[in-house]
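Asker: I would like to see how this sequence folds:
(2 chains)
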2 protein chains.
Amino acid sequence: MIKARVTVTLKNGVLDPQGKAIEGGLHSLGFEDVASVRQGKVFDMAVDTSDAGQAEKDLAAMCEKLLANTVIENYNVEIIG
Amino acid sequence: MIKARVTVTLKNGVLDPQGKAIEGGLHSLGFEDVASVRQGKVFDMAVDTSDAGQAEKDLAAMCEKLLANTVIENYNVEIIG
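Answerer: Numbers count the residues shown, from 1 in each chain, chains lettered A, B, ... in the order given. Below you'll find the model as predicted:
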């Protein structure tokens, strides 16, 4: 069983209204020092194989097909163990 | 300017229907080996200070107050630079 963390973040230049709203909320709560917030997604996944290299390739394919919108998002696959 | 990544994930035992739906979608796409998917959130933040220790404390406070629901979620603050 291979465990992995996939992180999907917006590409630079893509507007992030959700992040802006959180930034505004933090300012209202008194955290004036917050200069920017960008929200992304994280997927903690378990893959039923013992081949970490194959798992990494499969996870990249999953990102391309389902987990990320590669027009506006970057993804990163990290094998944890 | 301190950059940090805050990761918010569901605690163990908390049901994750969104993760289950993604798992089902991946199975339908032919990724039969996927054993589990848990979805979380990631916040890439910039804080306008030069004191990394203070920034880390502030970010933990932001998690407690707004970014995470600590009843069902864990959070992790990682100072990137």
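Asker: in the longest strand along chain A, what's buried?
Answerer: When chain A is parsed with DSSP state E, its longest strand is strand A:34-47. For strand A:34-47, the buried set under the neighbour-count rule, 16 or more other CB atoms under 10 Å in any protein chain shown, comprises A:34, A:37-47. (Each C-beta comes from the backbone N, C-alpha and C, glycine too.)
Asker: among those, which are in reach of chain B?
Answerer: Subset of those in contact with chain B: A:34, A:37-47, counting by CB under 8 Å from any CB of the partner chain.
Asker: Against residue A:63, how distant is the residue located most distally from the centre of chain A?
Answerer: Most distant from the centre of chain A: residue A:30, at 27.2 Å, with distances by CA atoms, centre = their mean. Separation of residue A:30 from residue A:63 (CB to CB, to the nearest Å) stands at 37 Å.
Asker: so what's residue A:50 scoring on pLDDT?
Answerer: The confidence metric pLDDT takes the value 93 at residue A:50.
Asker: And the helices in chain A?
Answerer: For chain A, applying DSSP state H gives helices covering A:17-28, A:52-62.
Asker: Just the closest of the ones next to chain B among the buried residues of strand A:34-47 to residue A:20, please.
Answerer: residue A:37 (7.4 Å; CB to CB).
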